[in-house]
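**Q** predicted model and sequence below, questions to follow.
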Amino acid sequence: DGWSMFDLFVVTLSILGLGFEQIPGVNILRVIRAFRILRLIGRFEKMRRMTNAILASIVPVANALLIGLLVTLIYAILAVTLYGERSEFYFGTFARSLFSLFLLLAFTQWP
């Protein structure tokens, strides 16, 4: 069974972490024990359906974020071109323009 092998792997790493505590970074191996909760996903139908829905929505959400980023980048380039000389502090460079547009999109106070 795949889950039994996973449990064996996690327990083995935990035991190794206990035996080699003096080596830096070995304590991170104990964090792997938290992944044993993943076994519950397969046992409960509603949790499995929710997990599948979340995993299926990752690609469309990533596409929407990339489109939004592309539009923001285009507007940052336009802002540097149109307003770079008038307001050099906010739109003088591409990085400043992008940060200014981020502040506007996040509804923060405009200084």
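**A** Cool, got the structure. Remember, predicted model here, so these are calculated numbers, not experimental data. Numbers count the residues shown, from 1 in each chain.
**Q** could I get the full set of helices for the protein?
**A** Secondary structure of the chain (DSSP state H): helices at 2-19, 39-43, 45-83, 88-91, 94-105.
**Q** so which of those helices comes closest to Arg33?
**A** Between Arg33 and the helices of the chain, the shortest separation by CB to CB is 5.7 Å, and it involves helix 2-19. Backbone N, C-alpha and C define where each C-beta goes, glycine included.
**Q** buried residues in the closest one?
**A** Residues of helix 2-19 classed as buried under the neighbour-count rule (16 or more other CB atoms under 10 Å) are Val10, Leu13, Gly17.
**Q** tell me what it is packed against?
**A** Contacts defined by 3 or more CB pairs under 8 Å, 6 or more residues apart in numbering; DSSP states H and E place helix 2-19 against helix 39-43.
**Q** shouldn't Gly92 be in contact with Arg86?
**A** No: proximity of Gly92 to Arg86 does not meet the contact threshold set by CB atoms under 8 Å, at 9.8 Å.
**Q** between the two, which is the more surrounded one?
**A** For Gly92 versus Arg86, the count of surrounding residues by other CB atoms under 10 Å is larger for Gly92: 16 against 9.
**Q** tell me the contacts of the more buried one?
**A** Listed by CB atoms under 8 Å, 6 or more residues apart in numbering, the contact partners of Gly92 are Val80, Gly84.
**Q** give me that answer again for 7 Å
**A** Applying CB atoms under 7 Å, 6 or more residues apart in numbering to Gly92 gives the contacts Gly84.
**Q** tell me how far it lies from Ile54.
**A** 42 Å (CB to CB, to the nearest Å).
**Q** can you check Glu45 too?
**A** 15 Å.
**Q** kindly report the same for Phe94.
**A** In this structure, Phe94 lies at 35 Å from Ile54, with CB to CB as the measure.
**Q** repeat that for Leu70.
**A** Look at Leu70 and Ile54: by CB to CB, they are 25 Å apart.
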